[in-house]
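Undergrad: quick check, what structure comes out for this input:
(one chain, ligands or ions: 1)
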Amino acid sequence: MSTRTFVVKGARPLGADPADLVLEDGAITEVGTGLSRSGAEVVDAGGLVALPGLVDLHTHLREPGREDAETVQTGTAAAAMGGFSAVHAMANTDPVADTAGVVEQVWRLGREAGHCDVHPVGAVTVGLAGRALAELGAMAESAARVRVFSDDGNCVSDAVLMRRALEYVKAFGGVVAQHAQEPRLTVDAQMNEGELSGVLGLAGWPAVAEEAVIARDVLLAAHVGSRLHVCHVSSAGSVEILRWAKSKGWNVTAEVTPHHLLLTDELATSYDPVFKVNPPLRTAEDVAALREALADGTIDAVATDHAPHSHEDKDCEWAAAAFGMLGLETALSVVQEAMVETGLLDWAGVADRMSVRPARIGLVEDQGRPLQAGSPANLVLVDPAARRRIDPFALTSRSRNTPYAGRELPGAVVATFLRGRPTVLDGKLV
Ligand code: DOR
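TA: Numbering: from 1, shown residues only. Next up is the predicted model:
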C-alpha cells in the first residue's frame with residue numbers, strides 16, 4: 001500500500017466525462033470535479049481514459065527455468081508497462097509449478113519485484129505429463145492461494161483426469177483452464193490447417209482439434225457441476241460451442257488473445273517464426289467470429305498468452321521454432337485497434353473484458369473493481385489518441401518476439417497504479 005497521495009486530474013473514467021480521482025492510503029477515496037488535497041502529487045490526465053488495472057489470466061513469466069527468456073522481474077515490469085496490475089503466471093516452468101513450493105516461489109518473487117500482483121497458476125497434472133493429478137489442494141492452501149489450474153502448453157486430454165480435476169477444484173471454488181488441443185489430431189502441427197498450410201508445406205493444426213476438446217469439456221463441466229475456463233479460443237467453431245454451453249447456463253468462461261483478434265494465418269506465408277503460435281493464427285472469418293464473440297460476451301475476457309522466447313528458440317526455421325509471441329506491452333493497443341476503433345466495444349467494455357471479468361474468473365478480489373470511492377487504487381491511464389510504432393528493442397520484456405515489430409498501433413499507457421503506488425508514470429517504469 002502506498003502512503004503517497006495522488007490527485008489524478010481530468011481523466012475520463014471508462015471513457016465517460018472528465019473527473020478527478022483522489023488516491024490515498026492505497027485506495028480511491030473520492031471521484032468528482034475540482035478535487036484537491038494538500039501535499040498531493042498531481043497527475044494531469046486531461047484526454048486520458050482511466051480504466052481499472054488490467055488483469056491477465058494467461059502470462060508466461062518463464063521463471064524458474066528459462067530466465068534467459070523472461071523473469072518474474074522483467075515479465076511483471078512488462079505487464080505494468082502494458083497497464084496490468086495483476087497477472088496469472090502459467091505453470092509450464094522448469095521445474096513445473098505443480099507443488100506448493102514452486103507456486104510459493106513464483107508468488108514471492110512477484111511480491112519482491114512489486115510491479116504487479118502475481119497469481120501463480122498451478123499445474124493440473126504432475127510435470128504437465130497428463131498422467132496423474134498434481135497436488136491441487138496443497139497449492140490452493142499455500143501462501144499463493146492458487147485458484148486457477150492449467151497444464152497450458154499441453155492439453156489435459158485424458159477425460160478421466162479432466163473430470164477428476166474439475167471435481168477436485170469444486171471444493172474451493174477453483175477453475176480448470178484448459179488448453180484445448182486434441183493431441184492426436186495435431187501431431188507435428190505447425191500452422192492452421194487449410195489451403196494455405198498445403199501451399200506452404202507446413203503440417204496443419206485443424207480447428208476441430210480445439211473444438212472437439214471444448215465440446216467434451218463443457219459437457220464434463222456440466223456433468224460435474226464445476227467451473228471450466230477455456231484458454232486462447234481461436235476458431236469460429238469454438239465460439240459456436242461456447243455459445244451453446246452458455247445458453248444451457250453451464251459454468252463455462254473463455255478467453256481470446258489479442259493476436260487472435262488481429263492477425264491471420266496469411267502471415268505464415270513469410271515463414272517468419274515470430275508468427276508461429278499455439279493455437280495458430282487462423283482465418284479472417286475466425287477473427288471476425290472471435291471479435292463478435294468478445295463483443296457479445298460469449299468470450300468473457302482478453303488474455304495475452306504472453307510467451308517470451310529467446311533469440312535461439314525463435315530465430316530459426318519455422319518448423320524448429322518455439323510456439324508463442326509477446327503480448328503484455330501491446331495488448332491494450334491491439335484491443336483498441338480490433339475492438340474499440342471498429343465500434344465493437346467501448347472503453348467500459350474494454351474494462352469489463354480486460355479487468356472485471358478476468359478478476360472474477362481468477363477469483364482476485366481486489367482487482368477489477370469500479371473506479372469509485374472505496375475501491376483499491378488499481379488503475380491505468382491510457383492515451384487513446386497516441387500512436388506508436390512497435391520497436392522490439394524498446395520493449396521491457398527480456399525477449400523480442402513481438403509480431404507487431406514495425407507496425408503502428410493506437411493508444412499508449414501513460415500510468416499504472418497498484419494500490420495507489422505508481423508502477424508506471426509518464427509512460428516510464430517507476
Ligand atoms: O504459443 C504458445 N506458447 N502456446 C502455448 O500454449 C504455450 C506457450 C509457451 O509456453 O510458449
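Undergrad: show residues contacting the helix or strand containing Met139.
TA: With secondary structure defined by DSSP states H and E, Met139 is part of helix 136-141. Helix 136-141 is contacted by residues 97-100, 103, 120, 122, 124, 146-147, 149, 165, 168-169, 171-172, 174 when judged by CB atoms under 8 Å, 6 or more residues apart in numbering. For the C-beta atoms, the positions are set from N, CA and C on the backbone; glycine is no exception.
Undergrad: whichever of those end up buried, select them in PyMOL.
TA: Applying 16 or more other CB atoms under 10 Å to the contacts of helix 136-141, the buried members can be selected in PyMOL as follows:
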select buried, resi 97+98+99+100+103+120+122+124+146+147+149+165+168+169+174
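Undergrad: among the contacts of helix 136-141, which ones are in helices?
TA: If you go by DSSP state H, these have Ala100, Val103, Ala165, Tyr168, Val169 in helices.
Undergrad: so where do the strands sit in the stretch 51-200 of the chain?
TA: Secondary structure of the stretch 51-200 of the chain (DSSP state E, counting those that start in this stretch): strands located at 54-59, 84-89, 117-120, 148-149, 175-178, 191-192.
Undergrad: adjacent strands (with direction) for the third one?
TA: This means strand 117-120. strand 84-89 (parallel) (DSSP bridges).
Undergrad: give me the angle between the strand it pairs with and strand 54-59.
TA: 20 degrees (axes from the mean of the first three to the mean of the last three CA atoms, to 10 degrees).
Undergrad: do strand 84-89 and the ligand meet at all?
TA: No. Applying CB under 6 Å from any ligand atom, one finds strand 84-89 out of contact with the ligand, separated by at least 11.3 Å.
Undergrad: only C-alpha atoms, please: export that strand in PDB.
TA: Provided in PDB are the C-alpha atoms of strand 84-89 (Å, rounded to 0.1, in the frame of the first residue of the first chain):
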ATOM      1  CA  PHE A  84      -1.700  -4.600 -15.900                       C
ATOM      2  CA  SER A  85      -1.900  -4.600 -12.100                       C
ATOM      3  CA  ALA A  86      -2.200  -8.400 -11.900                       C
ATOM      4  CA  VAL A  87      -1.100 -11.400 -13.900                       C
ATOM      5  CA  HIS A  88      -1.700 -15.100 -13.700                       C
ATOM      6  CA  ALA A  89       1.600 -16.900 -14.200                       C
END
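Undergrad: so what's the residue in the stretch 301-430 of the chain that the ligand sits nearest to up against?
TA: Going by CB to the nearest ligand atom, the ligand is nearest to Gly324 of the stretch 301-430 of the chain, at 3.1 Å. Gly324 makes contacts with His60, Lys276, Val277, Asn278, Asp305, Ala307, Pro308, His309, Asn401, as judged by CB under 8 Å, 6+ apart.
Undergrad: for the fourth one, grab phi and psi.
TA: Dihedral pair for Asn278: phi -130, psi 120, per degrees, to the nearest 10.
Undergrad: tell me the contacts of it?
TA: Gly153, Gln181, Trp205, Phe323, Gly324.
Undergrad: rerun that using 10 Å as the cut-off
TA: Applying CB atoms under 10 Å, 6 or more residues apart in numbering, we find Asn278 in contact with 152-153, 179, 181, 186, 189-191, 205, 232, 234, 305, 307, 322-324.
Undergrad: which members of the ones in helices among the contacts of helix 136-141 additionally contact the ligand?
TA: Counting by CB under 6 Å from any ligand atom, no member of those is near the ligand.
Undergrad: could you identify the most distant pair in these?
TA: Ala100 and Ala165 (16.9 Å; CB to CB).
Undergrad: contact residues of the stretch 1-150 of the chain facing the ligand?
TA: Counting by CB under 6 Å from any ligand atom, the stretch 1-150 of the chain sits next to the ligand at His60, Asn92.
Undergrad: the helices in the stretch 1-150 of the chain, which residues?
TA: 72-81, 100-113, 136-141 (DSSP state H, counting those that start in this stretch).
Undergrad: excluding chain neighbours, what is closest to Trp107?
TA: Among residues not flanking Trp107 along the chain, Ala144 sits closest, at 3.8 Å (CB to CB, 6 or more residues apart in numbering).
Undergrad: just Val380 next, same as before
TA: Nearest to Val380 is Gly83, by CB to CB, 6+ apart, at 3.7 Å.
Undergrad: what's near enough to touch the one you found?
TA: Counting by CB under 10 Å, 6+ apart, Gly83 has contacts 51-54, 56, 116, 328-329, 331-333, 354-355, 379-382, 411-416, 423-424.
Undergrad: which one, of the helices of the stretch 1-150 of the chain, ends up nearest to Val43?
TA: helix 72-81 (15.7 Å).
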